[in-house]
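Student: Got a sequence here, can you model it:
(2 chains)
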Amino acid sequence: QKEVEQDPGPLSVPEGAIVSLNCTYSNSAFQYFMWYRQYSRKGPELLMYTYSSGNKEDGRFTAQVDKSSKYISLFIRDSQPSDSATYLCALHAGKSTFGDGTTLTVKP
Amino acid sequence: DSGVTQTPKHLITATGQRVTLRCSPRSGDLSVYWYQQSLDQGLQFLIQYYNGEERAKGNILERFSAQQFPDLHSELNLSSLELGDSALYFCASGPGSGGNTIYFGEGSWLTVV
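Tutor: Modelled structure (predicted):
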């Protein structure tokens, strides 16, 4: 069993939709929770970073962590075609372990 | 632009050969991380160096080795290359040793033929 499981997708939504991207994990030692965005095999870009349960908001993006359920989510509001990318969750306990990514397409 | 520089961007080489990938971290970052991303394996952590010393090791093959130099740039050496080594190799850097916020370069595309 992988330490981090990410909803595989792909996901296709119309412009303006709310997008939910999700990961579950098994290792309760993970202390930090990150979301990265990767455009067509470019370098992953750090989007959100949090270390506690609850919600963290940054513009149209909200990262949600539920440590009791070992579940993390990234919500994108008012999605735009420019949000089309692969989103990777990453969980950290000494080293970062990445999910396999969910590819999102936002259609105009 | 993350500030992490990787060279070369693309390379094609034959099986059995050896290549060196180079990484310059962001200004001020002491940690360098190497990751491999292939189509069927996702992003796999290879190795981390902090201020010249090996800090953490992941799924790095014995045919691969890395080092970090006094000026903090790093090199990843891949030898006895096999077709399955074809992948994107990313370098990332971070300010401390913890690795919870790291910044990726654009990657080096390696194709082994």
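
Student: Next to chain B in this structure, residues from chain A, please.
Tutor: Taking CB under 8 Å from any CB of the partner chain as the test, the list of chain A residues beside chain B reads A:31-32, A:34, A:36, A:41-46, A:49, A:51, A:88, A:92, A:94-101. The C-beta positions use only the backbone N, C-alpha and C, and glycine is treated the same way.

Student: Produce a PyMOL select command limited to the buried residues of the residues you listed.
Tutor: Buried members of the residues of chain A next to chain B, defined by 16 or more other CB atoms under 10 Å in any protein chain shown, are picked up in PyMOL with:
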select buried, chain A and resi 32+34+36+42+43+44+46+49+88+92+95+96+97+98+99+100+101
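
Student: Tell me which entries of the residues of chain A next to chain B lie within strands.
Tutor: In strands, judged by DSSP state E, the following of the residues of chain A next to chain B are found: A:Y32, A:M34, A:Y36, A:E45, A:L46, A:Y49, A:L88, A:H92, A:S96, A:T97, A:F98.

Student: want to try CSV for those residues, with pLDDT as columns?
Tutor: Listed next are those as CSV, based on pLDDT from 0 to 100:
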residue, pLDDT
A:Y32, 90
A:M34, 94
A:Y36, 95
A:E45, 94
A:L46, 92
A:Y49, 89
A:L88, 95
A:H92, 86
A:S96, 83
A:T97, 88
A:F98, 91
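
Student: can you pull out the strands in chain B?
Tutor: Going by DSSP E, chain B shows strands at B:5-7, B:10-13, B:19-24, B:31-38, B:42-50, B:53-57, B:64-68, B:74-78, B:87-94, B:103-104, B:108-112.

Student: For chain B, which residues are neighbours of chain A?
Tutor: Within chain B, the residues that sit near chain A (CB under 8 Å from any CB) are B:2, B:4, B:37, B:42-43, B:45, B:48, B:56, B:58, B:88, B:90, B:92, B:98-107, B:109.
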